[in-house]
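Visitor: fold the following and give me the result.
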Amino acid sequence: MEITKKVVFVAKGEYIVELKALLETMIKASREEDGCLLYNIYQLKNKPIEFVVVETWENEDKLKGHQNTPHYKYYKANFEQFTADKYSDEMNILG
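Guide: This next block holds a predicted model:
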């Protein structure tokens with residue numbers, strides 16, 4: 001069963017550039033992973049401190065595999081210093 005998640009990051013105001021750079025390191029590497037169906041990161045135009053990650057994985061095993069990659073572990077070890085808030089939701093596609 002496909003898993004789609006939305007993860008929202010709110011940068012500490014002085015760390016927008018650093019958080020953006022860290023999140024950008026995830027895009028290419030994640031998209032190349034087996035089981036990645038969608039991996040996009042958006043920066044809100046009207047709130048540039050907010051970033052939204054939308055990702056879809058083939059199944060739970062592929063998502064867990066993603067969470068064990070070197071690029072994920074690097075991001076996980078570094079995002080908190082740049083982030084004022086972070087929350088996530090799993091989503092269902094309608095239709």
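Visitor: is the residue nearest the centre of the chain in a bridge, and if so with what?
Guide: Closest to where the C-alpha atoms of the chain average out (CA atoms, centre = their mean) is Val53, at 4.1 Å. Beta-bridge partners recorded for Val53 (DSSP bridges): Val7, Ile41.
Visitor: any idea how far it lies from Gly65?
Guide: From Val53 across to Gly65, the span is 17 Å (CB to CB, to the nearest Å). Every residue, glycine included, has its C-beta placed from N, CA and C.
Visitor: same check, this time on Asn59
Guide: 10 Å.
Visitor: which one's more surrounded, these two?
Guide: A count of neighbours by other CB atoms under 10 Å puts Gly65 above the other of Asn59 and Gly65, at 17 against 12.
Visitor: what's the helix or strand for the more buried one?
Guide: Secondary structure assignment for Gly65, by DSSP states H and E: helix 60-66.
Visitor: other SSEs contacting that helix?
Guide: Here helix 60-66 touches strand 3-11, going by 3 or more CB pairs under 8 Å, 6 or more residues apart in numbering; DSSP states H and E.
Visitor: in the strand it packs on, which residues are buried?
Guide: By 16 or more other CB atoms under 10 Å, the buried positions in strand 3-11 come out as Ile3, Phe9, Val10, Ala11.
Visitor: the following helix or strand past it - contacts with which helices or strands?
Guide: Per DSSP H and E, the first helix or strand lying C-terminal to strand 3-11 is helix 16-31. When contacts are defined as 3+ CB pairs under 8 Å, 6+ apart, helix 16-31 packs onto strand 3-11, strand 36-43, strand 50-57, helix 70-78.
Visitor: quick one: helix 16-31 to strand 36-43, angle?
Guide: Angle, helix 16-31 to strand 36-43, by axes from the mean of the first three to the mean of the last three CA atoms, to 10 degrees: 170 degrees.
Visitor: show me the contacts for Lys6.
Guide: By CB atoms under 8 Å, 6 or more residues apart in numbering, the contact list for Lys6 reads Val52, Val53, Val54, Ser88, Asp89, Met91.
Visitor: distance of it relative to Gly13?
Guide: Going from Lys6 to Gly13 by CB to CB gives 22 Å.
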